[in-house]
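> sequence first, then the predicted structure:
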Amino acid sequence: IDPDDEKNYFSPSDDSSGMPPLVVFYHISLPKENKLAALYALKSQLDVLTMGQYDIISRSYHPQRHVMLYYTVSGNSTDLNFFRKTCAHSKRLTCRKLGELPSAKTNGETLHHLHNFCVAKPSHRVTYLSNTLPQTFGVEGLEAYSMQKIRAYT
């Protein structure tokens, strides 16, 4: 993104509830050697974002705020069709691609965009996510990516 265009590109607006959107900067990493786990983590985290905010009292999800998702992709993005479909069809989620990098080991690009957003929109609160989740000792296979663990990480 051209720095001159960033102020226009980073234009989250309040939704009909009058609440500012939940602004998320998401770094999607797709390493060849661990692609299944990376895609599973992405899917689980996307499910958390599209469900709404969790109300611990009623133990249910409430779609209170719109989610503005700015993302970068590191690695081959050919397996992201489910992600693109979710972005296109979700009423609660607006996705904006910031860039794509050929190497899955690239990081920091999303944080650069997050910094520029914070400079342009200092009154907004933002969060950073990545589908590269911490290694959990003693957990086998995809168990580390269960919805309960993803919700805790996210």
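Now that the structure is in, tell me what you want to look at. Numbering: from 1, shown residues only.

> for the record, mean pLDDT for stretch 67-76?
Stretch 67-76 carries an average pLDDT of 90.

> I misspoke; the intended subject was stretch 109-121.
In this model, stretch 109-121 has an average pLDDT of 91.

> give me the buried positions along that stretch.
Buried residues in stretch 109-121, defined by neighbour count with 16 or more other CB atoms under 10 Å: 109, 110, 113, 114, 116, 117, 118, 121. (C-beta placed from N, C-alpha, C; glycine too.)

> now swap in stretch 73-85 and tell me
Going by neighbour count (16+ other CB under 10 Å), the buried part of stretch 73-85 is 73, 74, 75, 77, 80, 83.

> farthest-apart pair in the residues you listed, please.
Greatest spatial distance among the buried residues of stretch 73-85 (CB to CB): 74 and 83, at 13.9 Å.

> for the two, list the residues in contact with both.
Counting by CB atoms under 8 Å, 6 or more residues apart in numbering, the common neighbours of residue 74 and residue 83 are residue 28.
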